[in-house]
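In: Here is a sequence together with a model predicted from it:
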Amino acid sequence: MSLPASSVSRRRPKARRRRVEPIYYLFLLPSLTLFTLAITVPGVIGILFSFTDSIGLGDWSFTGLTNYIALFSDPAILQSYLFTFGFALATVVVVNVVAFGLALGLTSRIRLRTPLRAVFVIPMVVSGIIIAYVFNFLFSNSVPAAGQALGIPWLETSLLANADLAWVAIVIVTAWQAIPGTMLIYIAGLTSVPGDVYEAADLDGASKRAQLLRITVPLVSGYVVINVILSFKGFLNAYDIIVGLTNGGPGTATRSIAMTIIAGFNGGDYAYQMANATIFFIVAVVISILQLRLTRGRSSL
Amino acid sequence: MKPKKEMKPSRRMIAQAMAFVVAGAVLAGCAAEGPEVIRFTFSKREAIAFMEAVVADYNASQDQILVKMDTSGVDPISASFVRGKPPDIMLANYNFEVARFVERCTLSDLAGTEAAAQSPPELQPLIDQYGKCEGRISALPYSVMAASVIYNKAIFAEHELEVPTTWEELIEVCDKLEAVGVTPFYATFKDDWTVAQGWYDYSVGGSLDVLQFFDAMNAEGAAVGADSATSFQKDFADPVGDMVHLAENYVNADAASRAYGDGNVAFAEGQAAMYLQGPWAFSEIAKTAPDLELGTFPLPMTSDPADLAVRVNMDLAAMIPVESKHQEAARDFLAYLYQPEVIESYNASQLGFTPVTDAAPPSDPRVAGMVEYYNDGRIYQGPSVLVPKTIPTFNYTQALVLGSDPAEILATMDADWARVAFRAPKAAAEAKESVK
């Protein structure tokens, strides 16, 4: 199967009323070509394959909506969606609350501010899969050992072996990795708040608490929106940390959508998981539109 | 253009070397000068050094063909098939992942080769069980691994225990061990594959005829469910119940958070009497305790010793893709690989059984306990690997030993099976034909 590359020519800018310097189109061309070849074309081909019985190689034939019909009655798929969204929501809350608190602390006048910032940013530069394996060891060996030594019974068994609580471990580790990035954005936001508003508030006798709630939070709300959107998107694609921590287990308790899709590719279930990926794509687009609608005007993105 | 073997090559160097090899293969095909380069895929980690020596011997023995070994694993191989540039010959673990190359007829017919003539006919059903391309011998067994319960002979001797041959004797052995404070089984439930490979496969394989069961399941196809004549929830309920009984009562307390590596060390240290692992664990255990005396016996699941059987898998099968442009050269190397001294010494080194008619069984005492079952054909392939990979069987078996409701899990497996059959009727139909 050779892939048609003709869709490149279709993507011409629509509005041509005003005279635009042609050089701008020249600037657009490389990334547009790359984007089309690397994302749009494979995407369309992938969606096409979701209507076939392809296993990724060899012969295949069109099977209509069979994959989609099977998909909607598949509890494993449904569960992976529930898990992924629940996990993403929980992690977004944890990450943003903690990161905001850290950012507040690290922008105030405390000792060792710069070294502390450096320390808190370290998790960001370590690869997710490595973090996951390290935490896997901690959860399976160190924490139970500590629980035993301290005589805390509920710590003695690994969190990862508990089907009802394994997601908590994944939230903790994901948050641990995601907090620095979010925190940096908050720090940027907090330092952009002009100092004179606080001065004015001090003069008016506003307490620190009131200053935080009435001045800081409203002034950085744009950053909150950015962080929530960015991190939610990222968490929906959760993969490496889960693979390293639980590999979807115990049982199927922590299989994310991305894991289900990739497992299908490896297991020769190409077309079916393409259908799953197509649905996931549509869901992601819908969420993006909703988020943009809800936040229009509040952030200058 | 003869790159010498590099010591410790980096990823990039491997990639470059591979690009070189591919380019070399293409060039060799055009120019027909110098040796014909063929690409040989082999990714069994434990045996790479052995196979490198075999390849070096072959390359030195003649100057027409130069074999290049590619150890990059199954996923890049799948990709190379998709791109239409598969390896010229492969020795790979035979499973559903590889079987789809067979099913879609992307592998050439090996019927005329001498290797095929030596292949014992009783192993063919095991290969065909994964699917087949009509009228072709797409894959030939190269190494068969037999797996069953590994036991610590010293602990058994110390407490004067006999190897159990029935379920009742097994429970008796377990109770006696418990009574003297020895953990009967060391379990590593954290790694789901160890549950599937050992606990689940041995329990089911020791209880029923796996081949027959999956034939019936394939025949039922999308109809599998609570009301079908054959189903996981009906046929597997008892073996799985027994498995859960063992897993709940006779394992180490921290089984849920122990992984394969932990298990090898703990078992080597004598922390338990029995271990449900395959022969690949022997070399790992030997790293901690090189002189530990170990034996093997099939897990008894019924009251009848005649039901005892060992789990086997096609650890390696030889295949030559249709799209390879070096069919003759690949067949020449295939013949070399199947020379008795090569295939037998390979299997001896890996504790595997040589799947060639009249080959000697492995002489290692650690696998001696399985030889009579293998020779009698009392073997089965693991039910955990006979299910399409899209069904997360490993995860399900892990959920079973960790305390999920077996009835619920088995019903889910039935539903999954029916769903796969519904959307892939073609594959199911082919599988049905192959069992004849």
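Out: Happy to help now that I have it. Please read all numbers here as calculations on a predicted model, not as lab measurements.
In: only C-alpha atoms for contact and neighbour calcs from this point on.
Out: Noted.
In: Export the longest strand along chain B to PDB, keeping only CA atoms.
Out: Looking across chain B with DSSP state E, the single longest strand is strand B:140-152. C-alpha atoms of strand B:140-152 as PDB (Å, rounded to 0.1, in the frame of the first residue of the first chain):
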ATOM      1  CA  LEU B 140       9.500 -25.500  12.000                       C
ATOM      2  CA  PRO B 141      10.200 -26.100  15.700                       C
ATOM      3  CA  TYR B 142      13.800 -25.600  16.700                       C
ATOM      4  CA  SER B 143      13.700 -25.700  20.500                       C
ATOM      5  CA  VAL B 144      10.900 -26.900  22.800                       C
ATOM      6  CA  MET B 145      10.900 -25.900  26.400                       C
ATOM      7  CA  ALA B 146       9.100 -28.000  28.900                       C
ATOM      8  CA  ALA B 147       8.000 -26.400  32.200                       C
ATOM      9  CA  SER B 148       6.600 -27.700  35.400                       C
ATOM     10  CA  VAL B 149       7.000 -27.400  39.100                       C
ATOM     11  CA  ILE B 150      10.600 -26.800  40.200                       C
ATOM     12  CA  TYR B 151      11.300 -28.300  43.600                       C
ATOM     13  CA  ASN B 152      14.100 -28.100  46.100                       C
END
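In: And residue B:226, how far from residue B:414?
Out: Per Cα to Cα, to the nearest Å, residue B:226 is found 8 Å from residue B:414.
In: who has more neighbours, the two?
Out: residue B:414 (25 against 15; other Cα atoms under 10 Å in any protein chain shown).
In: With residue B:372 as the reference, measure out to the more buried one.
Out: 34 Å.
In: related to what we said a few turns ago, so what's in contact with residue B:226 and residue B:414 at the same time?
Out: Contact criterion Cα atoms under 8 Å, 6 or more residues apart in numbering or on different chains; residues shared by residue B:226 and residue B:414: residue B:233.
In: Looking at the helix or strand hosting residue B:157 now, give me its mean pLDDT.
Out: Assigned by DSSP states H and E, residue B:157 belongs to helix B:153-158. For helix B:153-158, the mean pLDDT works out to 94.
In: Run through who's touching whatever helix or strand comes next after it.
Out: Following helix B:153-158 in sequence order, the next helix or strand is helix B:167-179 (DSSP H and E). With Cα under 8 Å, 6+ apart as the test, helix B:167-179 has contacts from B:159, B:161-162, B:164, B:183-184, B:250, B:273, B:300-303.
In: Recalculate using a threshold of 7 Å.
Out: Contacts to helix B:167-179, defined as Cα atoms under 7 Å, 6 or more residues apart in numbering or on different chains, come from residues B:161, B:164, B:183-184, B:250, B:300-303.
In: just how off-centre is the very next helix or strand once past it within its chain?
Out: Using DSSP H and E, the helix or strand that follows helix B:167-179 in sequence is strand B:183-186. Strand B:183-186 has its C-alpha centroid displaced from the chain centroid by 24 Å (Cα atoms, centre = their mean, to the nearest Å).
In: List every C-alpha atom in strand B:183-186, with coordinates, as PDB.
Out: Written as PDB, here are the backbone C-alpha positions of strand B:183-186 (Å, rounded to 0.1, in the frame of the first residue of the first chain):
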ATOM      1  CA  THR B 183       6.600 -22.200  52.700                       C
ATOM      2  CA  PRO B 184       5.300 -24.800  50.200                       C
ATOM      3  CA  PHE B 185       5.300 -22.500  47.100                       C
ATOM      4  CA  TYR B 186       7.300 -19.300  46.400                       C
END
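In: And the strands in the stretch 51-200 of chain A?
Out: Counting by DSSP state E, counting those that start in this stretch, the stretch 51-200 of chain A has no strands to list.
In: interface residues of the stretch 201-301 of chain A facing chain B?
Out: A:249-252, A:263-264, A:267-269 (Cα under 7 Å from any Cα of the partner chain).
In: would you turn the residues you listed into JSON lines with pLDDT and neighbour count?
Out: Listed next are these as JSON lines, based on pLDDT from 0 to 100; neighbours: other Cα atoms under 10 Å in any protein chain shown:
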{"residue": "A:249", "pLDDT": "77", "neighbour count": "26"}
{"residue": "A:250", "pLDDT": "84", "neighbour count": "31"}
{"residue": "A:251", "pLDDT": "79", "neighbour count": "27"}
{"residue": "A:252", "pLDDT": "82", "neighbour count": "22"}
{"residue": "A:263", "pLDDT": "81", "neighbour count": "18"}
{"residue": "A:264", "pLDDT": "78", "neighbour count": "23"}
{"residue": "A:267", "pLDDT": "70", "neighbour count": "19"}
{"residue": "A:268", "pLDDT": "72", "neighbour count": "24"}
{"residue": "A:269", "pLDDT": "80", "neighbour count": "24"}
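In: Chain B: which of those is nearest?
Out: Nearest to chain B among these, counting by Cα to the nearest Cα, is residue A:251 at 4.0 Å.
In: dump the residue contacts of that closest one.
Out: B:395-396, B:398-399.
In: What's the first helix or strand after the helix or strand encompassing residue B:218?
Out: Using DSSP H and E, residue B:218 sits within helix B:210-220. As assigned by DSSP H and E, the chain's next helix or strand after helix B:210-220 is helix B:232-235.
In: In helices, which of the residues of the stretch 201-301 of chain A next to chain B fall?
Out: Mapping these onto helices (DSSP state H) picks out A:263-264.
In: for the residues of the stretch 201-301 of chain A next to chain B, which one is nearest residue B:332?
Out: residue A:268 (30.6 Å; Cα to Cα).
In: which residue sits closest to that closest one, ignoring its sequence neighbours?
Out: Spatial nearest neighbour of residue A:268, chain neighbours left out: residue A:55 (5.0 Å); criterion: Cα to Cα, 6 or more residues apart in numbering or on different chains.
In: Next: residue A:123.
Out: residue A:177 (5.2 Å).
In: Surely that neighbour is in contact with residue A:124?
Out: Yes. Between residue A:177 and residue A:124 there is a contact under Cα atoms under 7 Å: 5.6 Å.
In: When the two are compared, which one has more neighbours?
Out: Taking neighbours as other Cα under 10 Å, residue A:177 and residue A:124 compare with residue A:177 leading, 24 against 15.
In: Give the residue farthest from the middle of chain A.
Out: residue A:203 (42.1 Å; Cα atoms, centre = their mean).
In: The residue nearest to residue A:123 and chain B: what is the separation?
Out: Relative to chain B, residue A:177 is positioned 23 Å away (Cα to the nearest Cα, to the nearest Å).
In: need the residues of the stretch 151-300 of chain B near chain A, please.
Out: So far as Cα under 7 Å from any Cα goes, the stretch 151-300 of chain B lies against chain A at B:190, B:256-257.
In: out of the residues you listed, which are inside strands?
Out: Reading strands off these, I find no matches (DSSP E).
In: Show me which of those residues is closest to residue B:343.
Out: residue B:190 (35.1 Å).
In: tell me the phi and psi of the closest one?
Out: With angles defined as degrees, to the nearest 10, residue B:190 shows backbone torsions of phi -70, psi -40.
In: contacting residues around it?
Out: Applying Cα under 7 Å, 6+ apart, the residues contacting residue B:190 are A:161, B:256-259.
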